[in-house]
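Undergrad: A structural model of the following input is requested.
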Amino acid sequence: MPFYESVFIVRQDIPAPQVEAIAKSFAEIIEANGGKVTKTEQWGLRNLAYRINKNKKGHYVLQNIDAPSAAVLEMERNMRLSEDILRILTVRVEALEEGPSAMLRKDERADRPSYGERNDRGGDRPRRPREGNDQNQGAAA
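TA: Residues are numbered from 1 along each chain as shown. Below is the predicted model of the structure:
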């Protein structure tokens, strides 16, 4: 069976336990159509890049799905009918990711230097003069 990753955003005014129940109901739809949800991650309440239906925030949920395409289509159809779901993104992948997703792996992101700590910015390097800004150029003309 093909593998899918599905991320959906639930309205901000829905409590977290109800978000879990919504994710579980979509997992039951997948299982009823011959598939299975291998992993469900809740990324929590996060800011949206822009307002969606007067919502500034949303609960993000990721599901890794091993199911036939008909099961995924039925799940997406039910998501579109739900008033609690703001956005849906389902992508077919070659293999399902084991362990936590990149959004939950904060330890890897903590190892990266911040913008001011990077040595590739050339902070101590002398500036090269620009063309046309040479001070002697005006005196020679």
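Undergrad: off-centre distance for stretch 78-95?
TA: Distance of stretch 78-95 from its chain centroid, counting by Cα atoms, centre = their mean, to the nearest Å, is 13 Å.
Undergrad: tell me which residues touch the most centrally placed residue in the chain, please.
TA: Closest residue to the average C-alpha location of the chain: residue 103 at 6.9 Å, with Cα atoms, centre = their mean. Applying Cβ atoms under 8 Å, 6 or more residues apart in numbering to residue 103 gives the contacts 41, 43, 60, 62. Every C-beta, even on glycine, is put in place using the N, C-alpha and C of the backbone.
Undergrad: of these, closest to residue 11?
TA: Using Cβ to Cβ, residue 60 comes nearest to residue 11 of these, at 11.8 Å.
Undergrad: what does the pLDDT read for residue 44?
TA: The model reports residue 44 with a pLDDT of 88.
Undergrad: my read is that it contacts residue 59, right?
TA: Yes. Look at residue 44 against residue 59 with Cβ atoms under 8 Å: they come within range, at 6.9 Å.
Undergrad: neighbour count: the two, which is higher?
TA: Shown here are residue 44 and residue 59; by other Cβ atoms under 10 Å, residue 59 has more neighbours (25 against 14).
Undergrad: which residue is the nearest non-sequential neighbour of that one?
TA: Leaving aside its chain neighbours, residue 59 sits nearest to residue 10 (4.2 Å; criterion: Cβ to Cβ, 6 or more residues apart in numbering).
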